[in-house]
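> sequence-free structure coming up:
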């Protein structure tokens, strides 16, 4: 028996398949999951299997649209989603584990079935596999999943979210926001997206994927009322009251930030100035419970045309990003259940940190620094899913040897 390169050999196999699933499928390959961690792996962990159609000799055996690929666990079909692979000849098949897996245990009850040209399409939506997934293939669907700032002009077209413009008043300190209406299902999560930017002969632009944490022990409703009252006081006729409200909002910090950013667009010059000052103080001095990874094309203090931006709590970094236009980057934010954070740009340039806590909001921040129009800014394949530390991830083997009924 041969095994796919780079996949872990598991040694003695667990009990094999229990008979043939359905007679319409002509071929089967066993999939074995192993939990190498010291803790149990609960049902529902997202599993990704890279399937190279040429290497495995599947291209002539599966339907052209791959509709007959089916994942089965002990006689029951599991919803799965087929997404592009790392090579042109490969696809990534995603599904959720169908049973708890004890520490150190393995399960050989999974199988990949194929070879049924009469199979009806049963591929699941990626949303059945992930906490959130959006490839912007439906021009209207993304509004169901995201709230978009009024200062941002964007549209879903050609399979991507295209940012057409953002108000020049929205700076890095007070960016426009695209907020995801979903939250992670577990403390450990992975957030990733594909980003393409071409700012040649266009306004410098910045984009950050952000994860904000809740403040423990805070009554959110009461605090929001207090923040609203303090913001109103920024326009009070009494200078001392204005100063007092300014200091208190700075002290409150991150929970007040969204409403203060909104106040920075006020037509009242005094309120606008104070709100901008408060935001600046919060950003520069406050210990923010935020994870962020992104790109800016305005690295005035760096060599090159762009920079990568990162933040884990109070730790912020900025590093030059080499390369020409357009920039094509896959942003990834990983946090395991213990709070260890890893930020990646195209699976490289790693930035690490620790930030525990419950997630309050996930979103994208966008800004530009001149009145010039934006160049190309495209976002695609926004994916939020469960994640554990690499040492705790289940491994899998897809047998190269093929079985038939």
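Cool, the structure landed. No experiment lies behind these values; they were computed from the predicted model shown.

> Go ahead and confirm residue 110 touches residue 32.
Yes - under the contact definition of CB atoms under 8 Å, residue 110 touches residue 32, with a separation of 7.1 Å. Every residue, glycine included, has its C-beta placed from N, CA and C.

> How about the residue nearest to the spatial centre of the chain: what's its closest non-neighbour residue?
For the chain, residue 191 is the residue whose C-alpha lies nearest the centre (CA atoms, centre = their mean; 2.1 Å). Among residues not flanking residue 191 along the chain, residue 333 sits closest, at 4.4 Å (CB to CB, 6 or more residues apart in numbering).

> Count the residues that sit near the one you found.
For residue 333, the tally of surrounding residues (other CB atoms under 10 Å) stands at 25.

> What lies in contact with the strand or helix carrying it?
According to DSSP states H and E, residue 333 maps onto strand 327-335. Contacts to strand 327-335, defined as CB atoms under 8 Å, 6 or more residues apart in numbering, come from residues 187-198, 209, 211, 291, 293-295, 297, 306, 321, 341-347, 355, 387.

> so of the residues you listed, which ones are in strands?
189-198, 209, 211, 291, 293-295, 306, 321, 341-345 (DSSP state E).

> what about the helices in the stretch 101-250 of the chain?
Ranges of helices in the stretch 101-250 of the chain, per DSSP state H, counting those that start in this stretch, are 142-145, 220-233, 239-252.

> in the first one, what's buried?
Of all the residues in helix 142-145, those buried under the rule 16 or more other CB atoms under 10 Å are 142, 145.

> same question, the last one
Burial within helix 239-252, assessed by neighbour count using 16+ other CB under 10 Å, is assigned to 242, 245-246, 248-250, 252.

> Can you lay out these as JSON lines showing pLDDT and distance to residue 125?
As requested, the buried residues of helix 239-252 are exported to JSON lines (pLDDT from 0 to 100; distance: CB to CB, whole Å):
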{"residue": "242", "pLDDT": "92", "distance to residue 125": "51"}
{"residue": "245", "pLDDT": "93", "distance to residue 125": "47"}
{"residue": "246", "pLDDT": "93", "distance to residue 125": "48"}
{"residue": "248", "pLDDT": "91", "distance to residue 125": "46"}
{"residue": "249", "pLDDT": "91", "distance to residue 125": "42"}
{"residue": "250", "pLDDT": "88", "distance to residue 125": "44"}
{"residue": "252", "pLDDT": "84", "distance to residue 125": "40"}
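
> Could you identify the most distant pair in those residues?
Within the buried residues of helix 239-252, 242 and 252 form the most distant pair, 15.9 Å apart (CB to CB).

> Next up, phi/psi of the closest residue to residue 43 other than its chain neighbours, please.
Leaving out its chain neighbours, the residue that sits closest to residue 43 by CB to CB, 6+ apart is residue 100, at 5.4 Å. Reported as degrees, to the nearest 10, the phi and psi values for residue 100 are phi -60, psi 150.

> wait, what's in contact with the closest residue to residue 180 other than its chain neighbours?
Leaving out its chain neighbours, the residue that sits closest to residue 180 by CB to CB, 6+ apart is residue 362, at 4.4 Å. By CB under 8 Å, 6+ apart, the contact set of residue 362 is 179-180, 182-184, 191, 209-212, 384.

> Now restrict the residues you listed to buried residues only.
179-180, 182, 184, 191, 209-212, 384.

> Save the helices of the stretch 101-250 of the chain as CSV, and put in distance to residue 392 too.
Formatted as CSV, these follow (distance: least, CB to CB, whole Å):
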stretch, distance to residue 392
helix 142-145, 29
helix 220-233, 32
helix 239-252, 37
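
> so which of those gets nearest residue 372?
For residue 372, the closest of these is helix 142-145, at 26.1 Å, according to CB to CB.

> Give the other helices and strands that that closest one contacts.
If contacts are counted by 3 or more CB pairs under 8 Å, 6 or more residues apart in numbering; DSSP states H and E, helix 142-145 sits against strand 132-134.

> List the contacts of the strand it packs on.
So strand 132-134 is contacted by 81, 125-127, 141-142, 145-146, 161, 180, 182, 381-384 (CB under 8 Å, 6+ apart).

> for it, the distance to its chain's centre please.
Counting by CA atoms, centre = their mean, to the nearest Å, strand 132-134 is centred 8 Å from the centre of its parent chain.

> now it: mean pLDDT?
Throughout strand 132-134, pLDDT has a mean value of 94.

> do the same with stretch 313-323
For stretch 313-323, the mean pLDDT works out to 87.

> got any ranges where the stretch 101-250 of the chain has weak pLDDT?
Residues of the stretch 101-250 of the chain meeting the criterion pLDDT under 70: 123, 216-219.

> 90 instead, please
120-128, 137-143, 150, 168-175, 199-202, 213-225, 250 (pLDDT under 90).

> Find the residue closest to residue 31 in space, skipping its chain neighbours.
Leaving aside its chain neighbours, residue 31 sits nearest to residue 110 (3.9 Å; criterion: CB to CB, 6+ apart).

> what number of residues lie near that neighbour?
Counted with other CB under 10 Å, residue 110 comes out at 24.

> Mind listing the residues bridging to it?
Going by DSSP bridges, residue 110 is paired in beta bridges with residue 31, residue 73.

> Roughly how far does it sit from residue 404?
18 Å (CB to CB, to the nearest Å).

> hmm, back to that, and the ones in strands among the contacts of strand 327-335, which of them are buried?
189-198, 209, 211, 291, 293-295, 306, 321, 341-345.

> Hmm, residue 81 and residue 126 touching each other?
Yes - taking contacts as CB under 8 Å, residue 126 lies within contact range of residue 81: 4.3 Å.

> which residues do the two both contact?
Taking CB under 8 Å, 6+ apart as the criterion, residue 126 and residue 81 both touch 94, 133.

> does the spatially closest residue to residue 246 that is not a sequence neighbour sit in a helix, a strand or a coil?
Spatially, and ignoring its direct neighbours in sequence, residue 246 is nearest to residue 274 (5.4 Å; CB to CB, 6+ apart). State at residue 274, reduced to three classes by DSSP: H, G, I helix; E, B strand; the rest coil: helix.

> Please report how far the closest residue to residue 294 other than its chain neighbours lies from residue 333.
Distance criterion CB to CB, 6+ apart; nearest residue to residue 294, sequence neighbours excluded, is residue 208 at 3.4 Å. Distance of residue 208 to residue 333, given as CB to CB: 10 Å.
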